[in-house]
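S.K.: Below are the sequence and a predicted model; questions follow.
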Amino acid sequence: MARDPKHDILFEPIKIGPKTLRNRFYQVPHCIGAGSDRPGFQAAHRSVKAEGGWAGINTEYCSIHPESDDTHRLSARLWDDGDVHNLRAMCDEVHRHGALAGVELWYGGAHSPNMESRATPRGPSQYASEFETMTYCKEMDLNDIKQVQGYYVEAALRARDAGFDIVYVYGAHSYLPLQFLSPFYNKRTDQYGGSLENRARFWLETLDQVRRAVGKDCAIATRFAVDSLYGTSGIEAEVDGVQFAKLADPLVDVWDIDVGDIAEWGEDAGPSRFYLQGHQVPWTKFIKQVVKKPVLGVGRFTDPEKMVEIVTKGYADIIGAARPSIADPFLPKKIEEGRYDDIRVCIGCNVCISRWEIGGPPMICTQNATAGEEFRRGWHPEKFKKKGSQDSVLVIGAGPSGGECSRVLMERGYTVHLYDTAAKIGGHINQLAMLPGLGEWGYHRDYRETQITKLAKKNKECQVALGQKPMTAADALAYGADRIVIATGSSWNTDGTNCLSHDPIPGADASRDDQLTPEQVILGKKKIGKRVVIVNADTYFMAPSIAEKLAAAGHEVTLVTGVHLANYMHFTLEYPNMMRRLHELHVNVLEHEFCSKIEPGRMQAYNIWGDGSKRTYRGPGKPPRDENQSHHWIEFDSLILVTGRHSHDSLHRELHAKSGEWEKNGVKAVYLIGDAEAPRLIADATFSGHRLAREIEEANPQLPLPYKREVAKWGVAHVAGTSAAIEYKV
Amino acid sequence: MATKILVAVKQVIALDEDFEIRADGKDVDADFFLRDLNEWDDFSLEEAVKIKEAGGEVEVVVVTVGPEEADESLRKCLAKGADRAVRIWDESMEGSDSQAIARVLAAAIKHEKPDLVFAGVQSSDHSFASTGIAVAGLLGWPHAAVVNQFDFSLGATQATIRRELEGGVLQMMNIDLPAVLSIQLGINTPRYASLRTIKQAAAKPIETLGLGDLSLNAAEVGEVGSASRVRRMYIPEKGRAQMIEGSLAEQAAKLAAIIKEFKGATV
Ligand SMILES: Cc1cc2nc3c(=O)[nH]c(=O)nc-3n(C[C@H](O)[C@H](O)[C@H](O)COP(=O)(O)O)c2cc1C
Ligand code: SF4
């Protein structure tokens, strides 16, 4: 199929300085956990997008000097020739597929804790970072300013040598250039502070110097958060935003604009829970009106209609994307080929971001199980090895892992029968998508449903049987499959079993009318009373989501939480607005409290630290701390148990108990994947199904194959020509 | 003696969004054909297999008129519980309309002598909804169309059925057997085949019959034996659509105004 002519405008090349972008699809800088230290990962992840049709592809933020060291988080670095060598691999691979490679030169100021380098960050004025809170910067004198600008120039030269086509001066997310521009940070009274011209000076001079150094060979980009979203305390789009853009326009070849800061950068990488596609436009649209250079903007753009609107309405010339490019590296190709329903639409969960926030682990994606696995496992997002045998596979459970496993097996040409008791593919996504703000999470199901339906049409031997009766071990054995995959999912505990006590809570019983699991709340079959108590021992979104849903429906909600409520939502950047939401709905959160027992109409809560700070050896049978005497009763009409999950693994265990009958039934193997093996993130459940499908011919596909590791090798120096030996300077 | 149920099935053409009409303008270009068992036939087959599974000696025979490609659909029926599959074909049957197909099926029924014949209400490609009833007419058997409930005990001379009439009206009736019934979607929940039954079905024979076996001649089938001809097949131009809202009376008034306007009258 050809693309819709309506979308032609997205495929028009555009010149940026000395370079030309082949179309309007542009991967803005985003972290993946590769940096300069995992060059294979970096090169493979970025070049797969070049292959998928993106015109410009960037590194993550890239430190220009050890003084800007974000450890424990992982940035790229252009500190020395070793880094040049490693990042050159990315440039070469990206070029091979006809795209431009860009690098985002970064100096963090007080936002970089310098935990590896132990250097002192410098900033326009001295302040404690609102992001790091314990890190202060040194206020720069004029000499410092010259020196740091010199770092930018040296890094830009190294970037050019590595082969980059686009060199950024990064001033979004409140990093150094913006710290000079914004009165929130800049309290100076010299020529670098005060008036807008003075506050802009550092940024303009830096752009000018970088331009003089590499501007003939490279396009100069700047990333600018046009509104800090603090009102008058920071940058406002229509005030300093447009004024700065006018001043800097002659010095840049392309504008990369967004909104927000670093402490709450979920306002930029807006989760779907709170923000729709295109959410930044009301702030960013002003820039294009005052500049002559091409402008690119972001806003989780996945829909070609919306992209065309952005360009034709004159909000931006180029579609910038981070998450849409992670969820579907082939997004531009699919639009170009008119394969709209093959697009794997980003669900806006921000699990990709969570790994950067945690500080270091490789990026993962809920929708795209191959993200981050390109190099180390050799997984291409769109290409699959043909099947290695004629074996037929029965997949029991069509949730995230069973659905993904079936999809990939079908892509590989296997005959797959996918079987579920539910009437729809998607497993528990069908329930999650009904929680407040999570409708777009349903795209995870939709993608698999569409693909599986298409693939089953192509290979008539495949079959999707939904709405079936639960399969017994005998049914599964008699089914006639060579291999059986159990993907039966998990559910919330009905007896209060939790991560704190590892036991049920006395009196917890969700078969009662006045106690519910989250699934029961979502299904809506049990009546829920006015006064609701949620007992929480889960650190992701379920408790706050249930609280939001019920409070919005008029219930009085008390949330008793024995763990840091919604802790993982810090990492997905959903935390700030989730807390604002609970606050505006008057949800009463009792922190550090958990539940010791439940009786009809009341639950006993206790402070988890109520057992005294003194530890004493008192002999066997006697606890080393005092008896907790903080217990008190809280009354409820309905109690919700968000305490923990358990796998539905009984079918798997029964099949293993009958392993003696496998051979006579022609069954070669039985595997367990996803939540049925152990409850986990949707991203990890999806991954586990994907992995099994890729590795099903291996000797023991239940266990993952080793992957290629990129680690420093003893005896080999990072910078060529230097020593890797232990040498004391004595 | 075993009760024999004959289920007449059809391999239909499904189309994707993209397809082209053949150069002669009389059909869709075969390159775009996706073949599958007619959706209604899943239900009529299931109804027959349910009777078999209820106990007693029952044989379910699926019969189709079609070229070798149709074997795939017959095997699907075998995998879902049919005991035998019969495919009737002769080059001269190419281009048969529902009347000509009914003639072939009627001959096959005389050959097989079933106690009961099920057909789908209609086929999802041509949607004539006439084959089943035409078969009954040719045989002179009792018949009922659009059956959505069927009660019958083995050996009985009558069955109780429920039919769907226009406007949501249902009709309960008794029918003398043998009879031809056209079965409606939703009468049951069709089963899926398991990998085991699919493998077993792949090993079962498909019986083939030709003109001679059924004492038919070429003039009774194909285009020459048909009562209708396809003159032209085309994709209709998209018309204007409008949702008419309001109370029944308001809707009627608006509709009348639109019709008048269409006829060129002044309101
Ligand atoms: C995993 C991840 C890491 C990111 N890292 C960076 C970064 O290093 N530098 C940067 O300027 N923006 C970074 N961003 C922000 C994106 O560039 C972008 O502004 C934001 O995600 C909004 O775009 P989107 O809606 O297309 O995702 C990151 C985003 C994601 C999803
Ligand atoms: S992890 Fe979630 S937000 Fe990130 S790219 Fe994947 S689907 Fe989108």
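M.R.: It's in. Numbers count the residues shown, from 1 in each chain, chains lettered A, B, ... in the order given. Ligands and ions are numbered 1, 2, ... in the order given.

S.K.: Now for the nearest residue to B:L181 once chain neighbours are set aside: which residues touch it?
M.R.: Among residues not flanking B:L181 along the chain, B:V147 sits closest, at 4.8 Å (Cβ to Cβ, 6 or more residues apart in numbering or on different chains). Where C-beta positions appear, they are placed from N, C-alpha and C, glycine not excepted. Residues in contact with B:V147 (Cβ atoms under 8 Å, 6 or more residues apart in numbering or on different chains) are B:161-163, B:181-184, B:187.

S.K.: any idea which element B:V147 lies in?
M.R.: strand B:143-151 (DSSP states H and E).

S.K.: Can you mark which positions in that strand are buried?
M.R.: Judged by neighbour count (16 or more other Cβ atoms under 10 Å in any protein chain shown), strand B:143-151 contains these buried residues: B:143-150.

S.K.: ranges for the helices of the stretch 1-150 of chain B?
M.R.: For the stretch 1-150 of chain B, helices defined by DSSP state H, counting those that start in this stretch occupy the ranges B:39-53, B:71-79, B:98-112, B:131-139.

S.K.: re earlier: and which of the buried residues of strand B:143-151 is nearest to A:E205?
M.R.: Distance to A:E205, by Cβ to Cβ, is smallest for B:N148 among the buried residues of strand B:143-151, at 81.2 Å.

S.K.: so that closest one touches B:S182, yeah?
M.R.: No. Using Cβ atoms under 8 Å, B:N148 makes no contact with B:S182, being 10.5 Å away.

S.K.: Low-confidence ranges, chain B, go.
M.R.: Along chain B, the parts satisfying pLDDT under 70 run over B:265-267.

S.K.: tell me what the longest helix belonging to chain A is packed against?
M.R.: Ranked by residue count under DSSP state H, the longest helix found in chain A is helix A:142-162. Applying 3 or more Cβ pairs under 8 Å, 6 or more residues apart in numbering or on different chains; DSSP states H and E, one finds that helix A:142-162 contacts helix A:81-96, strand A:100-106, strand A:166-171, helix A:196-214.

S.K.: can you redo the ones you listed as TSV with mean neighbour count and mean pLDDT?
M.R.: Formatted as TSV, those follow (neighbours: other Cβ atoms under 10 Å in any protein chain shown; pLDDT from 0 to 100):
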stretch	mean neighbour count	mean pLDDT
helix A:81-96	21	98
strand A:100-106	29	98
strand A:166-171	28	98
helix A:196-214	20	98
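
S.K.: quick one: terminal-to-terminal distance for stretch A:249-268?
M.R.: One end of stretch A:249-268 to the other measures 22 Å (Cα to Cα, to the nearest Å).

S.K.: Give me the neighbour count for residue 138.
M.R.: As the question left the chain open, I've gone with chain A. Look at A:K138: counted by other Cβ atoms under 10 Å in any protein chain shown, it has 15 neighbours.

S.K.: try chain B instead
M.R.: B:L138 - counted by other Cβ under 10 Å - has 18 other residues nearby.

S.K.: Can you name the residues that contact the residue nearest to A:D420 when sequence neighbours are not counted?
M.R.: Nearest residue to A:D420, sequence neighbours excluded (Cβ to Cβ, 6+ apart): A:A398, at 4.0 Å. Residues counted as contacts of A:A398 (Cβ under 8 Å, 6+ apart) are A:406, A:418-420, A:422, A:425-427, A:464, A:466, A:487.

S.K.: before we move on, the earlier item: which parts of the longest helix of chain A count as buried, going by neighbours?
M.R.: Applying a neighbour-count criterion of 16+ other Cβ under 10 Å, one finds A:145, A:148-149, A:151-153, A:155-162 buried in helix A:142-162.

S.K.: Just the closest of these to A:A676, please.
M.R.: When the buried residues of helix A:142-162 are compared against A:A676 (criterion: Cβ to Cβ), the nearest one is A:A162, at 45.6 Å.

S.K.: now do the same end-to-end measure for stretch A:558-571.
M.R.: Terminal residues of stretch A:558-571 lie 24 Å apart, using Cα to Cα.

S.K.: Okay, buried residues for it please.
M.R.: For stretch A:558-571, a neighbour-count test (16+ other Cβ under 10 Å) marks A:558-563, A:565-566, A:568-571 as buried.

S.K.: I'd like those residues as TSV, with secondary structure, distance to chain B and pLDDT appended.
M.R.: As requested, the buried residues of stretch A:558-571 are exported to TSV (DSSP: H, G, I helix; E, B strand; the rest coil; distance: Cβ to the nearest Cβ, whole Å; pLDDT from 0 to 100):
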residue	secondary structure	distance to chain B	pLDDT
A:T558	strand	45	98
A:L559	strand	43	98
A:V560	strand	44	98
A:T561	strand	44	98
A:G562	coil	45	98
A:V563	coil	43	98
A:L565	coil	44	98
A:A566	coil	42	98
A:Y568	helix	39	98
A:M569	helix	41	98
A:H570	helix	45	98
A:F571	helix	41	98
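
S.K.: want to try TSV for those, with distance to ligand 1 as columns?
M.R.: Shown next, in TSV, are the buried residues of stretch A:558-571 (distance: Cβ to the nearest ligand atom, whole Å):
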residue	distance to ligand 1
A:T558	35
A:L559	29
A:V560	33
A:T561	28
A:G562	30
A:V563	25
A:L565	24
A:A566	19
A:Y568	15
A:M569	15
A:H570	15
A:F571	11
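
S.K.: which one among those gets closest to A:V252?
M.R.: Set against A:V252, the nearest of the buried residues of stretch A:558-571 by Cβ to Cβ is A:F571 (32.6 Å).

S.K.: what's that closest one in contact with, if anything?
M.R.: A:350, A:353-355, A:357-358.

S.K.: what pLDDT, on average, does stretch A:687-706 get?
M.R.: Stretch A:687-706 carries an average pLDDT of 98.

S.K.: Can you tell me the element B:M172 falls in?
M.R.: strand B:170-176.

S.K.: so how far is the helix or strand just after that strand off the chain centroid?
M.R.: Per DSSP H and E, the first helix or strand lying C-terminal to strand B:170-176 is strand B:180-183. The chain centroid and the centroid of strand B:180-183 are separated by 9 Å under Cα atoms, centre = their mean, to the nearest Å.
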